[in-house]
Structures are given as structure tokens and as C-alpha cells.
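Chemist: have a look at this prediction, sequence included:
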Amino acid sequence: MSRFGDATAVERIGDGRYRAELDGGFGFAQALNGGYLMAVLGRAAVEASSHAHPVSTATSFLRVAKPGPAEIVVERRKSGRTAEMARLTLVQDDAPVVDALITTATLDPDTEPVWTGEQPVPALPPVESCLGMDGGPKDPGDRGFADRVDMRFDPSTMGWLDGRPSGRLEARAWFRLHCGYEPDAYAMALAVDALPPVALNLDAKGWSPTVELTWHLRAVPAPGWLAVLGSGRLSAGGWFDEEVEVWDSTGRLVAQSRQLARTGRA
């Protein structure tokens, strides 16, 4: 199994209970990425379900999750022929860290859209024209998230790096996993929360903690690069929203998300 597959694996240890070993490589400064945690919870939800895909995940982040052992408690809320719903809680040190309500269903990878809206597929500059995550000489040590996730950022949304923020809630990038793991539902969970906070293009600085994030799997993604497009509507009073769309290599919309976050300060 790939590094991402190993890092998101869960083991059943009882009725509605699963064990996971959270990988510190999918975080920053000991705080694990929320998308990575949603991928782990999604695996547990599917393991406990008769369906193949986590199609809707509504997540509340209660505390900072840390690398190491964790337990996932799955409480089934509804069982149906087309969908099942369960509440999942990620627990560390006997305290709830993340709560999620996850709906599972089985998507047909050959389904064609009935309607996709009137807006064209958003364009990104070619991968080779975008900014990588290196940012300088190669660090011989483990760089954590940057060594797990290969992202190439649209330069027009990265002005905040050199003191020229665009003044808009925006971020855009190409996305794939360094380990060669091809896109699936669990990679989508990571992708929707992989961008730098869109508020960095206003006056935010540093980490912007997510309070709640809901994401939807809209289609089974094709192999290859993913286009991840982030935007927002309002930043006020120390809070901002962030909406993300993920498009696969065939130009299909495969995931959508919306989150509420606190504005980071240095």
C-alpha cells in the first residue's frame, strides 16, 4: 500500500470501533491537516457501511489532533438501500477531537452529468508555470506535508508570499500525492483542505484553524492531476469562509467543500 494508504488505514477493534495510527507527515508543526483526518474518518465510515463512497462529510474540529494512536467510534444513524448515515468521533487521550456526520453511498464511475451549470471549467496555468512547494534549497530532512503532497500554485494567488496579497479570498493549485496514490474519495478529502487559507490574500497571517468543514464527493475521479480552486465570500470579525472545487484530469467536477475558519494572526 502507498504511504497515503498506510497513513489513512483503519483497523476494526470492536463493534463500531476502529483504531488508526495518525501520521505526523500529514500536518504542520504537530497539528494534523483536517483533510487528512477526514480521509481517516471516511475510511472508517465506509468500513462500517455496505456502500463504497463517503459522499457527504460534515466535520467539526474540536481540538488539535496529534500524531500517534487514535480511536474512531462509529454510531449508525440510518441504513438504506441507496445511502447510510453515521456519526463518527475521533478520540485521542479519552477526549473527542473531531466529530463528523458522514453519508455513504455507491457512485457509478461511468455516470455522465445531467447538468453542470453555465460557468466554464475554471482554468489554471500549466503545471510547469506554477509555483512548487520547495521554496528554496532542498531540505535533506523530512519536510512533512510538502513531502507527502505535490502542489503547484497559481502565481496570481500567491502574492501574499512577498507582501503583495491580491486583496481577494482566493487560492488555486494543481494537486497530487507524491507517493503515486491516484485520486479517490480519500484523496479528495485531503485535496479540499490542502490549499493555503484564502484569507492570506487579505490580512491574515499564519495558521487559520478550521472550525467546521463540509465536503461532498460528486464523482469518482480519474487518475492524474487535480485542479483545486479556492474562494471565499466574506471575512469579518476574525472569521472567514472558504469554498473549494476540485476538478479531475478529464474536466469533471469531482468534489466541493465549504468551511468556516478563524482568521490567522502572526
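Modeler: Cool, the structure landed.
Chemist: which residues of the chain score low on pLDDT?
Modeler: Across the chain, the ranges flagged by pLDDT under 70 are 1, 30, 118-122, 134-141, 266.
Chemist: so where do the helices sit in it?
Modeler: 3-7, 34-47, 145-148, 185-191 (DSSP state H).
Chemist: which of the ones you listed has the highest mean neighbour count?
Modeler: Ranked by mean neighbour count, those are led by helix 185-191 with a mean of 27 (mean count of other CB atoms under 10 Å). In this view, the C-beta of every residue, glycine as well, is placed from N, C-alpha and C.
Chemist: now that helix: how far from the chain's centre is it?
Modeler: Centre-to-centre, helix 185-191 and its host chain are 5 Å apart (CA atoms, centre = their mean, to the nearest Å).
Chemist: likewise for stretch 252-266?
Modeler: Relative to its chain's centre, stretch 252-266 lies at 9 Å (CA atoms, centre = their mean).
Chemist: and if you look at stretch 41-48?
Modeler: On CA atoms, centre = their mean, the centre of stretch 41-48 falls 16 Å from that of its chain.
Chemist: check stretch 159-175 too.
Modeler: 19 Å.
Chemist: so where do the strands sit in the stretch 51-200 of the chain?
Modeler: Counting by DSSP state E, counting those that start in this stretch, the stretch 51-200 of the chain has strands at residues 53-61, 68-78, 84-92, 95-105, 149-153, 170-177.
Chemist: and the nearest residue to Ala227 once chain neighbours are set aside, what are its bridge partners?
Modeler: Of all residues beyond its chain neighbours, the one nearest Ala227 is Trp247 (4.3 Å), with distances taken as CB to CB, 6 or more residues apart in numbering. Assessed by DSSP bridges, Trp247 has beta-bridge partners Ala227, Leu253.
Chemist: hang on, isn't Trp247 packed against Leu253?
Modeler: Yes - in this structure, Trp247 is within contact of Leu253 by CB atoms under 8 Å, at 5.7 Å.
Chemist: if we can go back for a sec, can you get me a residue count around the residue nearest to Ala227?
Modeler: Around Trp247 there are 20 other residues, counting by other CB atoms under 10 Å.
Chemist: same check, this time on Asn33
Modeler: Count around Asn33 with other CB under 10 Å applied: 22.
Chemist: do the same with Leu88
Modeler: Leu88: 25 neighbours (other CB under 10 Å).
Chemist: distance of it relative to Leu124?
Modeler: To Leu124, Leu88 is 33 Å away according to CB to CB, to the nearest Å.
Chemist: what would the strands of the stretch 51-200 of the chain look like in JSON lines with distance to Asp203?
Modeler: Below are the strands of the stretch 51-200 of the chain laid out as JSON lines (distance: least, CB to CB, whole Å):
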{"stretch": "strand 53-61", "distance to Asp203": "23"}
{"stretch": "strand 68-78", "distance to Asp203": "35"}
{"stretch": "strand 84-92", "distance to Asp203": "32"}
{"stretch": "strand 95-105", "distance to Asp203": "28"}
{"stretch": "strand 149-153", "distance to Asp203": "20"}
{"stretch": "strand 170-177", "distance to Asp203": "14"}
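Chemist: mean neighbour count, the ones you listed: which tops it?
Modeler: Ranked by mean neighbour count under mean count of other CB under 10 Å, these are led by strand 170-177, which reaches a mean of 23.
Chemist: who does that strand pair with, and is each partner parallel or antiparallel?
Modeler: Pairing partners of strand 170-177, with direction, according to DSSP bridges: strand 149-153 (antiparallel), strand 226-231 (antiparallel).
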